[in-house]
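Chemist: after the sequence you'll find the predicted model.
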Amino acid sequence: MEFYETINTRRTIRDFKEAPIDIKVIHRIIDAGMKAPTNDHMRDWHFLVITDVEIIQKLIKKIPKKVSDERLDWIMKSWKLEDDYQKRMYCDAIPKQYQMLLNASCVILPLFRQKQNLLQPKNLSDLNAFASIWCCVENILLASTAENYTCALRIPLGDEQEYARSVMNFPEEYMMPCYIAIGKPAEKAVYNKQKEYELINRIHINQW
């Protein structure tokens, strides 16, 4: 797939069909992630790849299986969302968090080594490792698209990260920024339209 086609084709899809993924494809996708820029040039990243459904079920045990319409409505109101694009995205995303991970061909947990306290940084430099792992994640999303797979992310909430650590046994000094679900889109997968913008209004030459 040509580069700009990949960029324009990438979409977050949370409805997956049952479809295996070859380990060689996974290797290529993760290798693309490893090509991302790093904060310390060491690429101190590791990746837990889970294809076993029983392990995925155990991993996502903390995630609610269902979200009621009443709960979803409360979330929308409490977040005070006004943009229609944003509302549609969240209304699709929130109820599917458990199922999208369960139905994925594989779930990847990217891990990065964090030396400083991420939640109490002294300066922006303390966030460098966190910032660079997201460059890696973006490469993984684009590589998955180039391999004709789709992806969805979940940021761990509450004690999900520590629970995942207990299940997957990754070291204390490594942190997990997200779950990455990779799979083939289901026949009736929802493709949410992204918010439209005028590029010329987002570009500022030499000054704002």
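Modeler: Everything's here; your move. Predicted, not measured: the structure shown is a model, and the values here were computed from it. Numbers count the residues shown, from 1 in each chain.
Chemist: any idea how far the residue nearest in space to the middle of the chain is from Val49?
Modeler: Centroid-nearest residue in the chain, with Cα atoms, centre = their mean: Leu153, separated by 2.5 Å. Leu153 is 16 Å from Val49, where distance means Cβ to Cβ, to the nearest Å. Bear in mind the C-beta positions are built from the backbone N, C-alpha and C, glycine included.
Chemist: tell me the SS of Ser132?
Modeler: helix (DSSP: H, G, I helix; E, B strand; the rest coil).
Chemist: next, the spatially closest residue to it that is not a sequence neighbour: secondary structure please.
Modeler: Closest residue in space to Ser132, ignoring its immediate chain neighbours: Asn39 at 4.4 Å, by Cβ to Cβ, 6 or more residues apart in numbering. Secondary structure, three-state DSSP: Asn39 is coil.
Chemist: isn't Asn39 up against Ala129?
Modeler: Yes - contact criterion Cβ atoms under 8 Å: Asn39 and Ala129 qualify, at 5.3 Å.
Chemist: these two: which is more packed in?
Modeler: Neighbours per residue, other Cβ atoms under 10 Å: of Asn39 and Ala129, the larger number sits with Ala129, 22 against 17.
Chemist: and the helix or strand where that one lies, average pLDDT?
Modeler: Using DSSP states H and E, the element containing Ala129 is helix 128-146. Averaged over helix 128-146, pLDDT sits at 97.
Chemist: just stretch 190-208 next, same as before
Modeler: 93.
Chemist: about what we covered before: return the per-residue confidence for the residue nearest to the centre of the chain.
Modeler: 97.
Chemist: dig out what it forms beta bridges with.
Modeler: Applying DSSP bridges to Leu153 gives these bridge partners: Ile180.
Chemist: pretty sure it contacts Trp134?
Modeler: No - taking contacts as Cβ under 8 Å, Leu153 lies outside contact range of Trp134: 10.1 Å.
Chemist: and stretch 182-201, how far from the chain's centre?
Modeler: 15 Å (Cα atoms, centre = their mean, to the nearest Å).
Chemist: buried residues, that stretch. List them.
Modeler: Ile182, Gly183, Lys184, Pro185, Ala186, Asn192 (16 or more other Cβ atoms under 10 Å).
Chemist: so which of these is the closest to Lys66?
Modeler: Ala186 (18.2 Å; Cβ to Cβ).
Chemist: residue contacts, that closest one?
Modeler: Asp15, Phe16, Lys17, Asn103 (Cβ atoms under 8 Å, 6 or more residues apart in numbering).
Chemist: and the first one, how many neighbours does it have?
Modeler: What it means is Asp15. 19.
Chemist: for the second one, same thing?
Modeler: The criterion is other Cβ under 10 Å. On that basis, Phe16 has 25 neighbouring residues.
Chemist: same deal with Thr12?
Modeler: Neighbours of Thr12 using other Cβ under 10 Å come to 18.
Chemist: what of Gln116?
Modeler: 15.
Chemist: roughly how far apart are it and Ile200?
Modeler: Counting by Cβ to Cβ, the gap from Gln116 to Ile200 is 39 Å.
Chemist: tell me the contacts of Leu142?
Modeler: Here Leu142 is in contact with Thr6, Ile7, Arg10, Ala32 (criterion: Cβ under 8 Å, 6+ apart).
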